[in-house]
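**Q** Next comes the sequence, and after it the predicted model I'd like to discuss.
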Amino acid sequence: MNITLANVKHGVTLSPPLAMVYGTHGVGKTSFAASAPAPIFLQTEDGLGLIDAPTFGILKTFDEVMQAISSLYSEDHAFQTLVLDSTDHLEPLVWAQACKDNAWANIETPGYGRGYVAALDIWRLLLDGLRALRDEKKMSVILIAHSSVSRFDSPDSEPYDRYSPKMHKAASALLQEAMDIVMFANYRINTVKTDVGFNKKVTRAVGGGERVLYTEERPAFLAKQRYNLPPSIPMLWADFVAGVPFFNQQETK
């Protein structure tokens, strides 16, 4: 291809979102994703429960995951959203594929974290497939992950704990970078101080069970977005799509 100024393009291309939702156990991540338009689930764990949604069944190898993505890419269908549930249960399958490719006994065999670095190439294959579905099949993609609390060594403050996706940090960073939005799902919690006498106060957490999605990073959790959503929204699909240009464009056609 001969690159000239004639190749310069203008305008904004509105694409379906690549999204990650991670959070505490039982907060409703799968239910939220199942509310997306015409979803199909790539399950690496039995997380659907009583939710009736199309699924390939439990996928037990990375190759099976890629076969499912390939079928969605090459075959005609009416699905509009791919939900991968979950990335932290997919991670052992990625490690197994890396071990198979390199004839390792386990992911620690190369030593000094080299196995986890090699596994990033497997994750990149997954991302290539997800981007193909997004760009060419116009499917939204939602990755579901559980959360864990880990120490964050900040360069400008004392270390502190925060929520992050329950994955190896290198793989987690790679996936987060590829996403248009990363949302932390949790219950809205407020704290109140109660006077217990003797000039002492006890801080208690209170909440009414309201579930929210946090869309911007805070010291307590990781999050990001390329849209214009509020820092927190109700954990409802309608509130999410209200801030995603692709869906607003669809509604005005």
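**A** Nice, I can see it.
**Q** which regions of the stretch 1-150 of the chain sit below the pLDDT cut-off?
**A** Scanning the stretch 1-150 of the chain with the threshold set as pLDDT under 70 gives 1, 11-12.
**Q** and the helix ranked longest in the chain, C-alpha only, in CSV?
**A** Longest among the helix segments of the chain by residue count, using DSSP state H, is helix 114-136. In CSV, the C-alpha atoms belonging to helix 114-136 read as follows (Å, rounded to 0.1, in the frame of the first residue of the first chain):
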residue,chain,number,x,y,z
ARG,A,114,9.0,-16.4,32.1
GLY,A,115,6.0,-18.8,31.8
TYR,A,116,3.6,-16.0,32.6
VAL,A,117,5.3,-13.7,30.0
ALA,A,118,5.0,-16.5,27.4
ALA,A,119,1.3,-16.9,28.2
LEU,A,120,0.7,-13.3,27.2
ASP,A,121,1.1,-14.4,23.5
ILE,A,122,-1.8,-16.8,24.1
TRP,A,123,-3.9,-14.0,25.6
ARG,A,124,-3.1,-11.9,22.5
LEU,A,125,-4.6,-14.6,20.3
LEU,A,126,-7.8,-14.4,22.3
LEU,A,127,-7.8,-10.6,22.0
ASP,A,128,-7.3,-10.8,18.2
GLY,A,129,-10.4,-13.1,18.0
LEU,A,130,-12.5,-10.8,20.2
ARG,A,131,-11.5,-7.7,18.1
ALA,A,132,-12.4,-9.5,14.9
LEU,A,133,-15.9,-10.2,16.3
ARG,A,134,-16.2,-6.6,17.4
ASP,A,135,-14.8,-5.0,14.2
GLU,A,136,-16.2,-7.3,11.5
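**Q** buried set for it?
**A** If you call a residue buried by 16 or more other CB atoms under 10 Å, then helix 114-136 has these buried ones: 115, 116, 118, 119, 122, 123, 126, 127, 129, 130, 133, 134. In this view, the C-beta of every residue, glycine as well, is placed from N, C-alpha and C.
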